[in-house]
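# Have a look at this fold, sequence not included:
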């Protein structure tokens, strides 16, 4: 790129005198090579490390704009690319986690690790990570200004139909499938982790609880996934599980979209099992071989074996999906995780190609909510549930590793 | 819908950011080395100058002499010496991981972090021991092998929690905030299961391969024990034994030389496990590879070229993983002598390293604190400090003006 004659440097003293603003701009431009003036810390002396230089380059690509929201875990700013102010991003600046004393918090690592590997239209895009001088991580994420799926589901002023639900569900299913193809479990799928982009595309976000599939015989924690979306095997304390846990959560989100209220609701983990068995029947060795060996399993009383809801229940509540839709939805709710549909099987279902065809994303109904909603959703820590939204489940869930050692 | 393993691997950060050609790897190391050398020399020069200044002052009084080290240019490490040091600490990391009973993926991840870190940093700048301890702790965090940092530090003599955590941020930055490391362990396990299925006559035969599972099994039972050896006939049980032995041997290679070499930078996980298997049992490895191709292929066709290329790449990787053939021929005493020689060599480099450490980066704990302290005030406090300074400056100028009178107009211009 050639400099225009106007921009070309003039003899130094005159230029510095005449154009102080320009001189300042030049110093900033040169700041990345070395900053001898800033000698307050030892690290700023001498040439920078290669890694410091790389970080500096990344940092300089973005301009941080106004503050959109602040939570206990992060501050979310709007921002844009330095060379293109129209390309918006969200910059999530992680705060130092006061509860975690062993260095940088693991949920930040989980999120960055997973998103660095995943590049898919239905997963929030991680553009870059950089650090500022105070050793805070800044995660540059896709700008998703149109609220989330939970907001849509609850906003009664927005009306939508079967084709719209099919479109949203399909984008969710693709996101989950892609995570699992990449051997990543999300472990916190729910409506307010599904954000909506300016073009209507649904994006799975919040990978603060995500991890790679465990090796066989290596236990994982069962204390993941927000309760309403948690599958029975985790409620029973299963330590070996796979993609089936995310598929259950996905089923819950789709069911909520149809019902326009939360599907399986309870106040405690025990009650959550009741909420599940009320609809799907008791978990017994007959329907789920091996269930009684799970640590927290409580067998139902002999005279109180619940039966799954009959087809009429499904037709009444989920008729919007059609018969094929009811069948595919039920396949995500099979109690035995080994018989539950996989994300790939869900995508292979004829429901998607049957009529009605999913609504093109540009034509999908929209809700207000906008940028504030994005900030609200992004500033949470993985598994944390915002307070004061009238929901019973306000517990910020932490991974309990102590349990694993038993 | 289905993604191929190639597509998945190509989207990984390991492929996008941490895979190199041998030339690129060498040039990156050279750049890192020269940057660090410059830095050390500049820092030593600065120290020497400030010392000389105080020397001249004090020498006038009592005439003491300067310490030797600051009188000459520091003798910095070469790229090769740096690599030797890093390699030695990779070895120590493996020992540490085994003693503390970390899972093998945690050890392998930690060692890769160490190697990745020293692509962009020199041991002259950051001392490998503290980086190694911190990288191993970080690997536990990333691979969900939870442990308290205090417990970890307590199990390593002479190490505090602060020391373990101090370089963590430096490491995450040097890793370019990518933490996922793709290992060949699962690939090996998968290949083992596939081969076991062939041995049992239950092979999942690919559609374009015109052979039955039974034919595959028969062929496998008759494989020679050595490349180019005579065909044998063994029982299924004996074959399973052979498979288990080969997999165990390959796994040992993956846990040792695969993570201690540049293999992860130069090859994909599947190439690495196949190379390790090739070293363990060449006949089986090549048989497994051929089972993925049509029985008869023309070397001129794309498939034929691909097969030759794969075998060549796997063989090249195997050379990297294989123990030094010259070493193999030596007697036990000679080997021991060689080992001691190497230990002494590393020791000598360590002594040399002591004299060319970057004086600015000696105390990582202090450095980390300083950085955080400095930064903690970013924002409000810094603003107030800046404001105070500005006010002071203006006040001083004003006072000066009052005393000396206002500044005279320059260049003959009128004020």
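It's in. Note that the structure is a prediction, hence the values are computed from the model and not measured. Numbering: from 1, shown residues only, chains lettered A, B, ... in the order given.
# what's the burial count for the residue of the stretch 101-250 of chain A found nearest chain B?
Chain B sits closest to residue A:134 of the stretch 101-250 of chain A, with a gap of 2.6 Å, by Cβ to the nearest Cβ. C-beta coordinates here come from the backbone N, C-alpha and C atoms, glycine included. With neighbours defined by other Cβ atoms under 10 Å in any protein chain shown, the count for residue A:134 comes to 16.
# how close does it sit to residue A:49?
18 Å (Cβ to Cβ, to the nearest Å).
# what does residue B:26 give?
Distance from residue B:26 to residue A:49, by Cβ to Cβ: 19 Å.
# With neighbour numbers in mind, choose between those two.
residue A:49 (23 against 13).
# Now do the contacts for that one.
Residue A:49 makes contacts with B:35, B:120-121, B:125, B:174, as judged by Cβ atoms under 8 Å, 6 or more residues apart in numbering or on different chains.
# again, only using 7 Å
Listed by Cβ atoms under 7 Å, 6 or more residues apart in numbering or on different chains, the contact partners of residue A:49 are B:120-121, B:125.
# what about the longest strand anywhere in chain A and chain B, touching?
Selection of the longest strand in chain A by residue count, based on DSSP state E, yields strand A:84-94. No - Strand A:84-94 stays clear of chain B (Cβ under 7 Å from any Cβ of the partner chain), getting no nearer than 11.2 Å.
# any idea how far the closest residue to residue B:161 other than its chain neighbours is from residue A:346?
Distances taken as Cβ to Cβ, 6 or more residues apart in numbering or on different chains put residue B:153 closest to residue B:161, at 4.5 Å, once the chain neighbours are dropped. From residue B:153 across to residue A:346, the span is 46 Å (Cβ to Cβ).
# Could you find the closest non-adjacent residue to residue B:234?
residue B:221 (5.9 Å).
# so does the helix or strand hosting residue B:80 get close to chain A?
Element membership of residue B:80 [criterion: DSSP states H and E] is helix B:79-99. No - interface with chain A: helix B:79-99 contributes nothing (Cβ under 7 Å from any Cβ), its closest point being 13.7 Å away.
# Let me know the average pLDDT across that helix.
Averaged over helix B:79-99, pLDDT sits at 92.
# still on that earlier bit, looking at residue B:153 and residue A:346, which is more packed in?
Taking other Cβ under 10 Å, residue B:153 and residue A:346 do not tie; residue A:346 has more neighbours (26 against 19).
# ok, which of the contacts of residue A:49 also contact chain A?
Restricting the contacts of residue A:49 to those within reach of chain A (Cβ under 7 Å from any Cβ) leaves B:120-121, B:125.
# looking at those, which has the most residues close by?
Ranked by neighbour count (other Cβ under 10 Å), the ones next to chain A among the contacts of residue A:49 have residue B:121 at the top, with 27 neighbours.
# returning to that earlier point: show me which residues of the longest strand of chain A are buried.
Neighbour-count burial for strand A:84-94, with 16 or more other Cβ atoms under 10 Å in any protein chain shown as criterion, is recorded at A:88-94.
# Return the member of these nearest to residue B:309.
Set against residue B:309, the nearest of the buried residues of strand A:84-94 by Cβ to Cβ is residue A:89 (40.8 Å).
# so that closest one makes contact with residue A:80?
Yes - judged on Cβ atoms under 7 Å, residue A:89 makes contact with residue A:80 at a distance of 6.3 Å.
# how about the residues of the stretch 251-400 of chain A near chain B?
Within the stretch 251-400 of chain A, the residues that sit near chain B (Cβ under 7 Å from any Cβ) are A:344, A:347.
# For chain B, give me its nearest residue in the stretch 251-400 of chain A.
For the stretch 251-400 of chain A, Cβ to the nearest Cβ, closest residue to chain B: residue A:347, 5.7 Å.
# Buried residues in the one helix or strand residue A:274 maps to, which are they?
For residue A:274, the host element (DSSP H and E) is helix A:269-280. Buried residues in helix A:269-280, counting neighbours by 16+ other Cβ under 10 Å, are found at A:272-273, A:275-277, A:279-280.
# Closest one to residue B:181 out of those residues, please.
residue A:272 (36.2 Å).
# Find the residue at the geometric middle of chain B.
In chain B, the centroid-proximal residue (Cα atoms, centre = their mean) is residue B:115; its distance is 1.4 Å.
# Just the helices from chain A, written as ranges.
Ranges of helices in chain A, per DSSP state H, are A:12-18, A:20-30, A:50-60, A:106-117, A:149-154, A:162-181, A:232-235, A:244-259, A:269-280, A:311-318, A:322-331, A:343-348, A:370-378, A:402-405.
# In TSV: those helices, plus mean pLDDT.
Formatted as TSV, the helices of chain A follow (pLDDT from 0 to 100):
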stretch	mean pLDDT
helix A:12-18	35
helix A:20-30	35
helix A:50-60	84
helix A:106-117	91
helix A:149-154	90
helix A:162-181	95
helix A:232-235	96
helix A:244-259	96
helix A:269-280	93
helix A:311-318	95
helix A:322-331	94
helix A:343-348	95
helix A:370-378	72
helix A:402-405	42
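# Domains in chain A, by residue range?
What the TED database lists as the domains of chain A is A:52-142, A:147-379.
# and residue B:170, which of those domains is closest to it?
Among the domains of chain A, the nearest to residue B:170 by Cβ to Cβ is domain A:52-142 (9.4 Å).
# which one of the contacts of residue A:49 is nearest chain A?
residue B:120 (4.4 Å).
# does any part of the longest helix along chain B sit near chain A?
Ordering each helix of chain B by length in residues (DSSP H) puts helix B:22-62 first. Yes - counting by Cβ under 7 Å from any Cβ, chain A is contacted by helix B:22-62 at B:31-32, B:35, B:38-39, B:42-43.
# Let me know the closest of those to residue A:183.
Residue A:183 has its nearest neighbour among the residues of helix B:22-62 next to chain A in residue B:32, at 32.1 Å by Cβ to Cβ.
# can you pull the pLDDT of that closest one?
Per the predicted model, pLDDT is 91 at residue B:32.
# Which helix or strand in chain B has the lowest average pLDDT?
helix B:380-404 (a mean of 62; mean pLDDT, DSSP states H and E).
# Who's the closest spatial neighbour of residue B:78, skipping the chain neighbours?
residue B:33 (7.2 Å).
# who are the neighbours in contact with residue 198?
Let's take chain A. Shown in contact with residue A:198 (Cβ under 7 Å, 6+ apart): A:145-146.
# try again with chain B
Per Cβ under 7 Å, 6+ apart, neighbours of residue B:198: B:216-217, B:220, B:291.
# Of the residues you listed, just the buried ones, PyMOL syntax please.
Of the contacts of residue B:198, the buried ones go into a single PyMOL selection, burial set by 16+ other Cβ under 10 Å:
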select buried, chain B and resi 216+217+220+291
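# Which pair of the contacts of residue B:198 spans the longest distance?
Of all pairs drawn from those, the widest gap by Cβ to Cβ lies between B:217 and B:291 and measures 11.0 Å.
# Any idea how many residues pack against residue 221?
Picking chain A for this. Using other Cβ under 10 Å, residue A:221 has 20 other residues around it.
# ah, I was thinking of chain B
18.
# Can you check the pLDDT for it?
pLDDT, read off for residue B:221, is 92.
# The one 5 residues further on too?
At residue B:226 the predicted local confidence, pLDDT, stands at 86.
# Equivalent analysis for residue B:108, please.
Confidence at residue B:108, expressed as pLDDT, is 95.
# which element is it on?
helix B:104-120.
# list the helices and strands that helix packs on?
Helices and strands touching helix B:104-120, by 3 or more Cβ pairs under 7 Å, 6 or more residues apart in numbering or on different chains; DSSP states H and E, are helix B:22-62, helix B:79-99, helix B:128-142, helix B:168-174, helix B:257-260.
# how about TSV for those helices, with distance to residue A:299 added?
As requested, the helices and strands packed on helix B:104-120 are arranged in TSV below (distance: least, Cβ to Cβ, whole Å):
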stretch	distance to residue A:299
helix B:22-62	60
helix B:79-99	42
helix B:128-142	38
helix B:168-174	47
helix B:257-260	47
